[in-house]
Structures are given as structure tokens and as C-alpha cells.
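Engineer: Any chance you could fold what I've pasted below:
(chains A and B)
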Number of protein chains: 2
Amino acid sequence: MNREQTIALAQAAEERLLSEGRPAIPCSVAVRADSRTELSRYFDHTLLKPEARASQYETLCREALQLRTRTVCVPPDRVALAVDLLQDSTVEVCTVIGFPLGYSSTSAKVAEVDLTRTLGASEFDVVIPVGRLRDGDLPAVYDDIRAVVAAAEGSVVKVILETALLTDAEKIAGSVAAIHGGAAFLKTSTGFSTGGATVEDIRLLRMVAGESRGVKASGGVRELAFVKACIAAGADRIGASATAAILANAAGGPEGNDGY
Amino acid sequence: MNREQTIALAQAAEERLLSEGRPAIPCSVAVRADSRTELSRYFDHTLLKPEARASQYETLCREALQLRTRTVCVPPDRVALAVDLLQDSTVEVCTVIGFPLGYSSTSAKVAEVDLTRTLGASEFDVVIPVGRLRDGDLPAVYDDIRAVVAAAEGSVVKVILETALLTDAEKIAGSVAAIHGGAAFLKTSTGFSTGGATVEDIRLLRMVAGESRGVKASGGVRELAFVKACIAAGADRIGASATAAILANAAGGPEGNDGY
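Structural biologist: Have a look, this model is predicted:
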């Protein structure tokens, strides 16, 4: 998908939303990573396995403190634990909303944001209603995201498109609906579908996001070389569980920590 | 796991819940299938793929009407469509709550039940907080299920254990917490984990459920022979997407529809 095709599809999506009375709302969250930011600050250090025990979340938070990641990304029912373990640190707590299938009702997504925000989460990764997007019902996607953004009250909302399930045209339309709805980031994947982040998708999402919104690469991110390729393609946030191994390679590998 | 071991583990779980101030609450829903019930009435005809379009849910509902299944099982954001298509029929609408990972907050699960009940859903399949169960935190599992049962206001709540992630002892403890919390059914699987229903698990859940609660086999149910084995082991509800093919074999196979 080249730039001209992308712009044309994005404009068509914008026109569709405007014709249905859904204006773009501003996003005041600054998301672009400083080019001098150290690599660890790109990372949402992530554990989202349903069977994980409390002790595994304690390990996750300890690693995040040692590695100085940007956040830990944990399930809603582990937010209180993570907030407690990370108080007085620079590591924030991110959680997931309507995860991983995206088809829970908007009211449940809003209730999840309300509760976890009160508990101390400051970033919210929400899955779009994928089937609605594939129905071509962009206003439904916009309304869902808009309600979550409103509930987040200025905190970062990252919108997960689940790119593996979408055509390029659907990725663009979904991105436009998310951005117009006030998303701070476009995010590729949940890690629970048929595929994860690709460099091509990062490049596409960056074209649609422009300079005002972030792009998060997630799903199957396990190698330093892939992380660097995603950042080069436009990612300014990385979701990974193998953060420690990735950063160990960055610090000790032949190239060292080359300026991220 | 034999009957004596099962009873001992169930009693230990009950004592744990009682010592934490969680009494068993009654379940007034009649769930056991009549032995003369026709086979189609065992089925929750199910479509839960995140990428499914509205047209696929229309097909699902049309099939359910033709086959005379007990319910259709659809995502929360497709309940309104299904209720509309199935009005004035005997096919009820079931939806999924906290699905498929179970770690969404209780308040989000309750909001999901509230909304979908208002829209016309009458059965709610909720996933337990699996990690809490594996922590040994039975009161947390009980409280989560109890809140969902209260929100359902007398409608059927089926509690999904996600048996593939659990030891036999955890399956028993989770079942006791669900039953004490007011669940009408124990259900094996989401279909989104590492495994689905097994005959051994159905037998185990039936031992814990006794005669007062139902057992639903779900996850990977595709063959008539397996459906019959699950029913023989104690299942009184079946979740499947391949319902039409299974019932076609029941009607036309060498054994015919032998009395289910």
C-alpha cells in the first residue's frame, strides 16, 4: 500500500465518519519518543496469560523496575497488585480493555477503564470491535473508541486493531476511526490471534498516524533486530514479554545500545 | 480422580469458602435435560470469532431456527441482532462474559451482564478468573461468580473453568466456588485455549455438580460420537459451531436419532 493509496483510503474513511456526524476529537497526549530516549523506555513489559499467578506478576514488576521499562502491561484484575509494587517508580501501569477479542460491549469496556483508572492504571490498550469494522460500520468503531477515550479522562488510550484479521483497507479505516475517536496510539496486535506485528504494518500505521499519534508494535516481538526494524519503520512503543532478553542483547551485543 | 478423592477435595474447598464467610447460595434454575429431549435441544449453536461479520450471525440464527437448538451463543455486541432475529421462537440467546481470558474486572463482567440482559440475552457464559484460582484464592473466584449471578437475576449462568489450564484439584476447587456462588452450569472450555472438552473432565465436573447443576461440554466439539460420549459422561448441554453437521449425522447415520 503506497502513500497515495493510503491517503485516499484514509480520506474516504474520514468523509464517511464526518457524514455520520463523528468529528475528529483532539488528542492532547504527547506520544512520540524522543530520539535520545533509551531503548528500555520504549517497552510495555507485558504478561497477559490467563493462568499466570500473582507471583509471576511480582516477577514482572521487579524486572520492570530493574530494566526501567515505560510500563508493565497486566490484566485488569492484576492492576492493584502492580500499582502497589511500582509506587514511587517511573514505571507506569498499563492494562487491557475488551481484551483480546474486542467484541465486549462498550459499557463493559467503559466500566473496566473506570475501575482500573481508579486503581492507578494510566494507560489503556483497548481492542476495536473487529467484526464491526469488517461490517464496514465505521461509526460503531468510532463510538466504541470515543467512549473509552472519554472514560480514560486524558490518560493514554492505545487502540489495538488486530491487524492479522484485517485487509490493508480495513487497517486504514480502523486507524482513522481510532484516531478520530481520540486514540493516542495505534497498536497492531493482541498476541492472541493468528499473527502479530509486522514491519509492513508498522509502516502503514505510521503513515495514517502522522506525527501526532503513536504506533505500538506488539504480538510476537522477541528479537532485538525486529524491535530495531519496528522502530525504524515508525514504532514508538513496543509490547513484549521477552523484554529482559531483548535488552540484554542491546546492552551486550556487538552493536551495543546504539542510541535508542 | 476417583469419587472419594473428588469428594475430599470438594469438601476441603467448601470448608475453605465457609471459613472465609462465603456460604453456598441456592440455584433455582432447572438445568438437567429430560432423557427424552431431542438431541438438538442440547446445543448452544455458537459463533464467537472476533472477525465474524453480521451476515455470519444472520446465518447462525437461521440455522438455529431450522435445527431447533436450545440457544445461539454470540458475542455481547451481537446480542441485539440475535434477539431480533429469534423473537417469537424457542431459541434463546446466550452470550459470553469476561471472555475468553476471565481476568477482566468483576465490575466489567457485571456491566456486560446488565447490558446484554436488558437487550434480551437469557444465558450468560462467564469465564472464571483462572489466575486467581491458581493462586488458591477461592474467595476471589466465588466473589466474582457471585456478582455475575446476582446481575443475571435468575437467568442461567454457566461458569467456564478453562479446564485445559487446570489440574484436577483446581478443576474441583473452581467448580465448588462456582456452584457455591450460584452457577447453574459448569462448563469446560472457551475454545480459545490450549485444549477443549474431554470425556474425563465431563465426568469429573458431573461428580462435583451432582444432580442440581448442569454440565456443558464445549471447545473442539465437532463429532457426533464425541457428543454422545459427553452426554453419557454427564453433559446436559453442548457448545458447538459445527451443530448442523453433527445433527445431520444424528438424523441420517446408521444409528439414527437414538432417543436423545
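
Engineer: switch to C-alpha atoms for all contacts and neighbour counts from now on
Structural biologist: Noted.

Engineer: Would you tell me which residues of chain A are close to chain B?
Structural biologist: Counting by Cα under 8 Å from any Cα of the partner chain, the residues of chain A lying close to chain B are A:49-54, A:75-77, A:97, A:99-105, A:107-112, A:115, A:129-132, A:134-135, A:165.

Engineer: repeat that with 6 Å
Structural biologist: Proximity of chain A to chain B, by Cα under 6 Å from any Cα of the partner chain, involves residues A:50-53, A:76-77, A:101, A:103-105, A:108, A:111-112, A:130-131, A:135.

Engineer: Farthest pair within those?
Structural biologist: Greatest spacing in these, by Cα to Cα: A:53 and A:135 (37.8 Å).

Engineer: sorry, back to before: so of the residues of chain A next to chain B, which ones are in strands?
Structural biologist: Assigned to strands by DSSP state E, none of those qualify.

Engineer: List the residues that contact residue A:165.
Structural biologist: Going by Cα atoms under 6 Å, 6 or more residues apart in numbering or on different chains, residue A:165 touches no other residue.

Engineer: thinking again about what came up before, which of the residues of chain A next to chain B are buried? Put it as a PyMOL command.
Structural biologist: Remark: buried members of those, expressed as a PyMOL selection using 16 or more other Cα atoms under 10 Å in any protein chain shown:
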select buried, chain A and resi 50+51+53+76+77+101+103+104+105+108+111+112+130+131
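
Engineer: In helices, which of the residues of chain A next to chain B appear?
Structural biologist: Here DSSP state H is the test, and these give A:108, A:111-112, A:130-131, A:135 as lying in helices.

Engineer: Tell me which residues are up against stretch A:96-112.
Structural biologist: Contacts for stretch A:96-112 (Cα under 6 Å, 6+ apart): A:75, A:124-129, A:144, A:148, A:190, B:50, B:76-77, B:108, B:111-112.

Engineer: Please apply the same query to stretch A:180-189.
Structural biologist: A:24-25, A:27, A:142, A:145-146, A:156-163, A:196-197, A:213-219.

Engineer: Filter those down to the buried ones and hand me the PyMOL line.
Structural biologist: The following PyMOL line selects those of these that are buried, judged by 16+ other Cα under 10 Å:
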select buried, chain A and resi 24+27+142+145+146+156+157+158+159+160+161+162+163+196+197+213+214+215+216+217+218+219
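
Engineer: From the contacts of stretch A:180-189, which land in strands?
Structural biologist: Per DSSP E, the contacts of stretch A:180-189 map to strands at A:156-160, A:214-217.

Engineer: Of the residues you listed, which is the nearest to residue A:3?
Structural biologist: Using Cα to Cα, residue A:215 comes nearest to residue A:3 of the ones in strands among the contacts of stretch A:180-189, at 16.9 Å.

Engineer: Quick check on the nearest residue to residue A:221 once chain neighbours are set aside: phi, psi?
Structural biologist: Counting by Cα to Cα, 6 or more residues apart in numbering or on different chains, residue A:240 is the residue found nearest to residue A:221 once chain neighbours are left out, at 5.6 Å. Torsion angles at residue A:240 (phi, psi; degrees, to the nearest 10) stand at phi -160, psi 150.

Engineer: So what's the residue count around residue A:240?
Structural biologist: Using other Cα atoms under 10 Å in any protein chain shown, residue A:240 is surrounded by 24 other residues.

Engineer: where's it relative to residue A:199, distance?
Structural biologist: Separation of residue A:240 from residue A:199 (Cα to Cα, to the nearest Å): 15 Å.

Engineer: With residue A:36 instead?
Structural biologist: 22 Å.

Engineer: Look at those two and report which has more neighbours.
Structural biologist: Using other Cα under 10 Å, the more surrounded residue of residue A:36 and residue A:199 is residue A:199, with 19 against 9.

Engineer: from the ones in strands among the contacts of stretch A:180-189, which two are the most distant?
Structural biologist: Longest span within these, Cα to Cα: A:156 and A:217, 15.7 Å.

Engineer: re the thing from before, out of the residues of chain A next to chain B, which one sits closest to residue A:16?
Structural biologist: Using Cα to Cα, residue A:135 is the member of the residues of chain A next to chain B that sits closest to residue A:16, with 13.8 Å.

Engineer: Spatially nearest residue to that closest one (excluding sequence neighbours)?
Structural biologist: Leaving aside its sequence neighbours, residue A:135 sits nearest to residue B:53 (Cα to Cα, 6+ apart; 5.6 Å).

Engineer: That neighbour contacts residue A:133, correct?
Structural biologist: No - with contacts counted by Cα atoms under 6 Å, residue B:53 stays clear of residue A:133, the gap being 8.7 Å.

Engineer: Point out where chain A drops to low pLDDT.
Structural biologist: Low-confidence regions of chain A, defined by pLDDT under 70, span residues A:35, A:252-260.

Engineer: which residues in it form helices?
Structural biologist: Applying DSSP H to chain A gives helices spanning A:3-19, A:54-67, A:79-86, A:106-119, A:130-135, A:138-152, A:168-180, A:199-209, A:224-233, A:243-252.
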